[in-house]
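Asks: Predicted coordinates and the sequence they were generated for:
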Amino acid sequence: MRVLAVIHQDDAGLGVFGEALAEETSLEVWRPAEELGPRLVEVDPDAVIVLGGAMNAHEESEHHWLRREKLWLAGLLDRHIPVLGVCLGAQLLAEAAGGSVRRGAQPEIGWHEVRLEPEAGEDPVLGGLPDCFSSFQWHSYEAVPPQDATVLARSGLTLQAYRVGPSAWGIQFHAEVNAPTLESWIANHRTDPDAVAMGLDPARLRAETSPAIEDWNELGRGLARRFLEVAERR
């Protein structure tokens, strides 16, 4: 199975999703800021995972490749290629599907409770999650999927997961993030003006993360495996 990972910056990679890829899976990486298009051009990938990034979906003048990526994602949706978008990836996917992205009521940075919607019960990717779970978040903007999307999860502040069409999912929470990546985000939190403005306490966030990260990573691996199983069946 051919899997394409779309990576927007070095410290926002596959994390534990990479561990979920089976040995027989062929993994290709596309970095939109560096390459005009993915190298898998002769034949569509069997699955696409679009990861996060510090840039925002509307910043097309600063990051000219964002528009190209959105158009490419729209093409994947038209061809029913399985897609999983994470954080920025979920926001780009929402725009590609005809939705939008907006600034949230307030940033969600750190550990926040997420609750599944009833529609998630039979979803092949989100249905394996607990009805309520603590999730790691780092975002100031939120995806607003099109009206025909199926909302699968919410936090107290934002929509957290949705499905568009038969085989595309967006999740706002960072199910992929592992301990080393999360530590790098905390160590460099001052590069995010919203983290500074909200008075993020690195020591407190590290203390909250230590007992939570192992279970969180297991949840992320399971979510990625279920997504890949959907892609394999298709």
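Replies: Nice, thanks for sending it over.
Asks: what stretches of the protein score poorly on pLDDT?
Replies: The chain contains residues with pLDDT under 70 at 37, 39-43.
Asks: In it, which strand is the longest?
Replies: Longest strand of the chain, by residue count under DSSP state E: strand 100-116.
Asks: and that strand, what does it pack onto?
Replies: Applying 3 or more CB pairs under 8 Å, 6 or more residues apart in numbering; DSSP states H and E, one finds that strand 100-116 contacts helix 88-96, strand 132-144, strand 150-155, strand 159-164, helix 193-197, helix 202-209. The C-beta positions use only the backbone N, C-alpha and C, and glycine is treated the same way.
Asks: Please identify the most buried of the ones you listed.
Replies: helix 88-96 (a mean of 27; mean count of other CB atoms under 10 Å).
Asks: now that one against strand 100-116, angle please.
Replies: 120 degrees (axes from the mean of the first three to the mean of the last three CA atoms, to 10 degrees).
Asks: how many degrees apart are helix 88-96 and strand 159-164 in direction?
Replies: 50 degrees.
Asks: And helix 88-96, what does it pack against?
Replies: Using 3+ CB pairs under 8 Å, 6+ apart: helix 88-96 touches strand 47-50, helix 65-78, strand 83-86, strand 100-116, strand 132-144, strand 159-164, strand 168-171.
Asks: Okay, now the sheet partners of the longest one, with direction.
Replies: If I follow you right, that is strand 100-116. Here strand 100-116 is paired, per DSSP bridges, with strand 132-144 (antiparallel), strand 150-155 (antiparallel).
Asks: any idea how far the nearest residue to residue 90 once chain neighbours are set aside lies from residue 131?
Replies: The shortest distance from residue 90 to any non-neighbouring residue, by CB to CB, 6 or more residues apart in numbering, is to residue 170 (3.1 Å). According to CB to CB, to the nearest Å, residue 170 stands 20 Å off from residue 131.
Asks: Between the two, point out the one with more neighbours.
Replies: Set residue 170 next to residue 131 and count neighbours by other CB atoms under 10 Å: residue 170 wins out with 28 against 12.
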